[in-house]
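Asks: Fold the stuff below for me.
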Amino acid sequence: MPRQYKYLYGPVPSRRLGRSLGIDIVPLKVCTLDCVYCQLGRSSEKTTRRREYVPIDAVIEELAEKISNGLDADFITIAGSGEPTLNSGLGKLLKAASDITDIPLTVLTNGTLFYREDVRADCAQADVVMPSLDAGDEPTFRKINRPHRDISIEKLVSGLCALREEFAGRIWLEVFLVDGMNTDTGQIAEIKGLIRICYCNIYNLAHLTITSNCPGIRHNIRQLLLGVVNDKITNNGVRPQGNKRVSIGISFPAIGQKDRPYRMLRMRHAAAASAQGYSGSNNN
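Replies: Reported below is the predicted structural model:
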């Protein structure tokens with residue numbers, strides 16, 4: 001029987017990362033946000049408190065074992081069931097991982113804690129950081145992302161700007177467009193304005209992904225891209241400017257495709273809950 005890991009899952013196929021080994025370092029739905037589109041459901045604990053939610057030494061032991069047994073993966077991604085930057089041991093994990101493997105390290109995050117210097121210092125050890133920006137103003141941010149009371153769109157943007165100045169790796173930004181919430185022309189203008197503030201121009205990014213639950217808004221997406229990229233859009237991205245090139249992804253993934261890693265996480269948590277005789281969640 002294959003070894004069952006407590007904190008690792010996969011490798012799983014990812015539309016952006018190829019074969020990705022996931023590392024889960026926060027309990028189910030412990031997050032700074034409670035996004036309306038999250039595949040894992042409502043947040044059970046909305047918080048901004050950093051602590052070692054799971055024992056990082058145990059995570060490192062599992063990862064070392066997995067790598068020693070032969071790991072075939074394009075990326076190792078710290079993500080999972082909640083917001084990974086909430087775990088105060090994130091920097092220790094990234095440092096240990098970089099010492100035992102050359103596989104690129106990714107942090108998949110909502111970006112809301114980058115206003116904190118300690119979070120940016122931890123993530124500086126990653127190869128790729130993948131934050132999100134789904135709203136152009138505070139009311140829409142609260143409607144879509146439903147943040148903890150201490151998180152604002154201003155803090156999110158200031159954190160992304162600080163990360164841009166300090167981070168030596170690649171930044172892959174994702175914008176999730178939710179039909180009827182942030183897809184009107186006003187919101188598109190606001191979002192592209194914030195991307196300009198955060199990144200000056202798109203060539204400060206390595207990748208921009210536009211994801212949506214509604215294929216009917218392709219025109220709006222094109223307007224968002226045209227507002228940020230002063231270049232010709234092609235099927236594979238944009239024409240290079242100097243020696244730089246940024247890739248652009250636009251996806252309307254089928255539920256089964258997009259949801260596969262999350263289904264695996266839900267199955268893991270359901271199995272653990274069943275073993276403990278627990279059914280249900282403590283949502284608020």
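Asks: Bridge partners for the nearest residue to residue 17 once chain neighbours are set aside, pull those for me.
Replies: Nearest in space to residue 17, with sequence neighbours left out and distances taken as Cβ to Cβ, 6 or more residues apart in numbering, is residue 75 at 4.4 Å. Just so you know, the C-beta spots here come from the backbone N, C-alpha and C atoms, and that holds for glycine as well. Beta-bridge partners of residue 75, counted by DSSP bridges, are residue 20.
Asks: now stretch 101-108: mean pLDDT?
Replies: Summarised as a single mean, pLDDT over stretch 101-108 is 96.
Asks: Using PDB, write out the CA atom coordinates for that stretch.
Replies: What follows is stretch 101-108, C-alpha atoms only, in PDB (Å, rounded to 0.1, in the frame of the first residue of the first chain):
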ATOM      1  CA  THR A 101      16.100  19.600  -3.600                       C
ATOM      2  CA  ASP A 102      16.600  21.600  -6.800                       C
ATOM      3  CA  ILE A 103      12.900  21.400  -7.700                       C
ATOM      4  CA  PRO A 104      11.500  25.000  -7.800                       C
ATOM      5  CA  LEU A 105       9.500  26.100  -4.800                       C
ATOM      6  CA  THR A 106       6.200  27.900  -5.100                       C
ATOM      7  CA  VAL A 107       4.000  29.700  -2.600                       C
ATOM      8  CA  LEU A 108       0.400  29.800  -3.700                       C
END
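Asks: got a list of contacts for it?
Replies: 17, 20-21, 67, 71, 73-79, 84-85, 90, 94, 97-98, 123, 125-130 (Cβ atoms under 8 Å, 6 or more residues apart in numbering).
Asks: The residue nearest to residue 17 against residue 21, yeah?
Replies: Yes: taking Cβ atoms under 8 Å as the definition, residue 75 is a contact partner of residue 21 at 7.4 Å.
Asks: Looking at these two now, which is surrounded by more residues?
Replies: Neighbour totals were compared for residue 75 and residue 21, and residue 21 leads with 25 against 20 (other Cβ atoms under 10 Å).
Asks: which one is residue 14 nearest to, not counting chain neighbours?
Replies: According to Cβ to Cβ, 6+ apart, the nearest residue to residue 14 is residue 20 (4.4 Å).
Asks: just residue 65 next, same as before
Replies: residue 3 (7.8 Å).
Asks: Then residue 190?
Replies: Once flanking residues are discounted, residue 190 sits nearest to residue 136: 2.2 Å by Cβ to Cβ, 6+ apart.
Asks: For the one you found, list the residues it contacts.
Replies: Residue 136 neighbours (Cβ under 8 Å, 6+ apart): 182, 186, 187, 188, 189, 190, 191, 192, 193, 194.
Asks: which stretches of the stretch 51-200 of the chain form helices?
Replies: 56-68, 90-100, 117-123, 138-144, 153-166, 185-199 (DSSP state H, counting those that start in this stretch).
Asks: how about the ones you listed in CSV, adding distance to residue 107?
Replies: CSV is the format used below for the helices of the stretch 51-200 of the chain (distance: least, Cβ to Cβ, whole Å):
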stretch, distance to residue 107
helix 56-68, 14
helix 90-100, 7
helix 117-123, 5
helix 138-144, 21
helix 153-166, 11
helix 185-199, 17
